[in-house]
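1. Just a sequence and a predicted model for now, questions to come.
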Amino acid sequence: MKYIYFALAIIGAAVPLTKLISFINEYGLDFSLLLQQAFENHISAFGWLDVIITVVVITFMTADFGKRYKIKHLWIPILASFTVGASFGLPVLMLMYTLKKESLK
């Protein structure tokens with residue numbers, strides 16, 4: 001599973017970042033325009049709110065997994081989630097969890 005989680009982390013970072021890079025190339029670092037477009041209509045607001053809530057859940061999961069399984073460097077999946085998104089942070093967390101489980105065998 002570690003190879004699957006690693007591949008999903010790469011895909012989960014690359015796909016969203018291509019859209020962010022396209023936005024930055026076209027509009028620059030215009031954060032107010034980014035927020036305006038993100039919440040421009042109900043369906044885009046639905047998507048962004050879903051991602052925001054998922055990132056909060058990943059943060060709590062990371063804290064729980066870290067305490068329960070003594071996983072170190074918990075800032076990595078949290079930073080991945082807040083900077084790129086849940087599609088990157090969750091596979092990173094699961095990869096770290098899988099590697100920890102393998103080290104205990």
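-> On my side now, so go ahead.

2. Report the rounded mean pLDDT for stretch 97-105.
-> What stretch 97-105 shows for mean pLDDT is 90.

3. List the contacts of it.
-> With CB atoms under 8 Å, 6 or more residues apart in numbering as the test, stretch 97-105 has contacts from 1-2, 5, 65, 69-71. Just so you know, the C-beta spots here come from the backbone N, C-alpha and C atoms, and that holds for glycine as well.

4. and if we set it to 10 Å?
-> With CB atoms under 10 Å, 6 or more residues apart in numbering as the test, stretch 97-105 has contacts from 1-6, 61-62, 65-66, 68-72, 77.

5. With stretch 56-74 instead?
-> Outside stretch 56-74, the residues within contact range by CB under 10 Å, 6+ apart are 75-82, 85-86, 88-90, 92-94, 96-97, 99-101, 104.

6. if we go to 8 Å?
-> Under the contact criterion CB under 8 Å, 6+ apart, stretch 56-74 has outside partners 77-78, 81, 86, 89-90, 93, 96-97, 100-101.

7. ok, back up a step: looking at the contacts of stretch 97-105, which is nearest residue 28?
-> residue 77 (29.3 Å; CB to CB).

8. how many neighbours does the closest one have?
-> Using other CB atoms under 10 Å, residue 77 is surrounded by 27 other residues.

9. Test my guess that it contacts residue 93.
-> Yes. Using CB atoms under 8 Å as the test, residue 77 is close enough to residue 93 to be in contact (3.8 Å).

10. any idea how far residue 58 is from residue 105?
-> 26 Å (CB to CB, to the nearest Å).

11. ok, back up a step: of the contacts of stretch 97-105, which is the most crowded?
-> Going by other CB under 10 Å, residue 77 tops the contacts of stretch 97-105 with 27 neighbours.

12. what helix or strand does it sit in?
-> Assigned by DSSP states H and E, residue 77 belongs to helix 75-83.

13. Tell me the buried residues in that helix?
-> Buried residues in helix 75-83, counted by 16 or more other CB atoms under 10 Å: 76-78, 80-82.

14. And the next helix or strand past that helix?
-> helix 86-103.

15. Please consider this matter closed, and thank you.
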